[in-house]
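Chemist: predicted model and sequence below, questions to follow.
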Amino acid sequence: MFSAGSVCIYETFSQLPAVGSGLGFAQDTNQFYQWVSGAWAAVPPVGATRVVSSVGGSATPTINVSTTDLYEVTALAQAITGVTVTGTPTDGQVLKFRFKDNAVAKAITYGASFTASGATALLTTTIASKTHMQNFQYDSTLAKFVATYVDVAGY
């Protein structure tokens, strides 16, 4: 290990400590890593979309907004009854959802961290076999993600 300021540099990813803090850099992957929620998470290049994907989905997905920009579910197998947000959102942060069901329409309920805006509703159900997008932007005054775009018809 070599320390360069507040970043520790390791020859290989496997050399990063089992319990960490701050930033680490692994030379074998040429990647920076940040200690998040008990694990080393790759720090994406500036401007890169951080995608979390799920096949089948969960009725109550938990989304860490400190590590996720786009949450996508393919073959959604059950209704979503509530979305839990973890992490620390920043004012103006954009969070996107992409849903595609398993050929049967599914209901979607977001939960207390989300709200419709005057012009944009919340997606409440999928259309069978269609992909739907829903975008939000965090408003720190409201302490909520406010809907900014929804594709109700799907594609």
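Modeler: Right, received. Where do you want to start? Numbering: from 1, shown residues only.

Chemist: what strand or helix carries the residue nearest the centre of the chain?
Modeler: Nearest to the mean C-alpha position of the chain, by CA atoms, centre = their mean, lies residue 68 at 2.8 Å. If you go by DSSP states H and E, residue 68 is not part of any helix or strand.

Chemist: give me the phi and psi for it.
Modeler: Torsion angles at residue 68 (phi, psi; degrees, to the nearest 10) stand at phi -130, psi 130.

Chemist: do you know the pLDDT at the residue nearest to it when sequence neighbours are not counted?
Modeler: Excluding the flanking residues, the one nearest residue 68 by CB to CB, 6 or more residues apart in numbering is residue 52, at 4.7 Å. In short, each C-beta sits where N, CA and C put it, glycine included. Looking at residue 52, its pLDDT reads 93.

Chemist: elements contacting the one helix or strand residue 52 maps to?
Modeler: Assigned by DSSP H and E, residue 52 belongs to strand 51-55. Secondary-structure packing of strand 51-55 (3 or more CB pairs under 8 Å, 6 or more residues apart in numbering; DSSP states H and E): strand 70-76.

Chemist: A strand includes residue 32, no?
Modeler: Yes. Assessed by DSSP: H, G, I helix; E, B strand; the rest coil, residue 32 belongs to a strand.

Chemist: who touches the residue lying closest to it once chain neighbours are set aside in this structure?
Modeler: Counting by CB to CB, 6+ apart, residue 43 is the residue found nearest to residue 32 once chain neighbours are left out, at 4.1 Å. Contacts for residue 43 (CB atoms under 8 Å, 6 or more residues apart in numbering) come out as 23, 31-34.

Chemist: returning to what we had before: for the residue nearest to residue 68, give its distance to residue 100.
Modeler: 15 Å (CB to CB, to the nearest Å).

Chemist: the more surrounded of those two?
Modeler: residue 100 (20 against 14; other CB atoms under 10 Å).

Chemist: check which helix or strand the more buried one maps to.
Modeler: Element membership for residue 100 (DSSP H and E) is strand 94-101.

Chemist: got the angle for that strand vs strand 70-76?
Modeler: Relative orientation of strand 94-101 versus strand 70-76 (axes from the mean of the first three to the mean of the last three CA atoms, to 10 degrees): 10 degrees.
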